[in-house]
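# Task: produce atomic coordinates for the following.
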Amino acid sequence: MKKSKLILQGIIQAVGVFVYIFLLSAFMNKANDWFGEDDQKLIAPILVLLIFVFSALITGSLVLAKPVMLYIDGKKKDGVKLLLYTGASILVFILIVFLILLFLNK
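Residues are numbered from 1 along each chain as shown. A predicted model of the protein is given here:
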């Protein structure tokens, strides 16, 4: 696989993770408004744990599926590179969000 294609794939996977986390965060911020806070002592922890497991499935699939498939197909270097490019892209998103939060709090 070409290096530029691997980098683009890594960025796309990182964007997928970012969008999923953004949507989940938006949902969780509005959940109390939609569902209320009463009588949620049993249901809320169950829902949080289910969302946690589901999130691990989604983000794990977005980050690991293609690199593992490349690795299994014998393209070990490409699989490792794609995983590193995806990780680097996620790190860039983390830094961008951190900088936005830093400037918003001034």
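
# Residue 11 is in what secondary structure piece?
helix 3-35 (DSSP states H and E).

# what's the spacing between that helix and its chain's center?
5 Å (C-alpha atoms, centre = their mean, to the nearest Å).

# Could you check the pLDDT of residue 52?
According to the prediction, residue 52 has pLDDT 94.

# OK, contacts around the spatially most central residue of the chain?
By C-alpha atoms, centre = their mean, the chain has its centre lying nearest to residue 17, at 2.8 Å. Residue 17 sits next to 59, 62, 63, 90, 93 when contact means C-beta atoms under 8 Å, 6 or more residues apart in numbering. C-beta: built from backbone N, CA, C; applies to glycine.

# Which ChimeraX command selects the buried ones in the residues you listed?
Typed into ChimeraX, the line below selects the buried ones among these, using 16 or more other C-beta atoms under 10 Å:
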select :59,62,63,90,93
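
# which ones among the contacts of residue 17 are found in helices?
59, 62, 63, 90, 93 (DSSP state H).

# From those residues, pick the one nearest residue 6.
Nearest to residue 6 out of the ones in helices among the contacts of residue 17 is residue 63 (C-beta to C-beta; 13.9 Å).

# okay, the ones in helices among the contacts of residue 17 in CSV with distance to residue 33 and pLDDT next?
Below are the ones in helices among the contacts of residue 17 laid out as CSV (distance: C-beta to C-beta, whole Å; pLDDT from 0 to 100):
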residue, distance to residue 33, pLDDT
59, 26, 95
62, 28, 93
63, 31, 95
90, 29, 96
93, 27, 96
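
# quick one: which of those residues is nearest to residue 101?
Distances from residue 101 to the ones in helices among the contacts of residue 17, taken by C-beta to C-beta, are shortest for residue 93, at 12.6 Å.

# can you tell me which residues contact that closest one?
14, 17, 18 are the contacts of residue 93 under C-beta under 8 Å, 6+ apart.

# Make TSV out of those and add pLDDT and distance to residue 24.
Compiled in TSV, the contacts of residue 93 are given as follows (pLDDT from 0 to 100; distance: C-beta to C-beta, whole Å):
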residue	pLDDT	distance to residue 24
14	96	16
17	96	11
18	95	11
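
# Cheers, nothing more for now.
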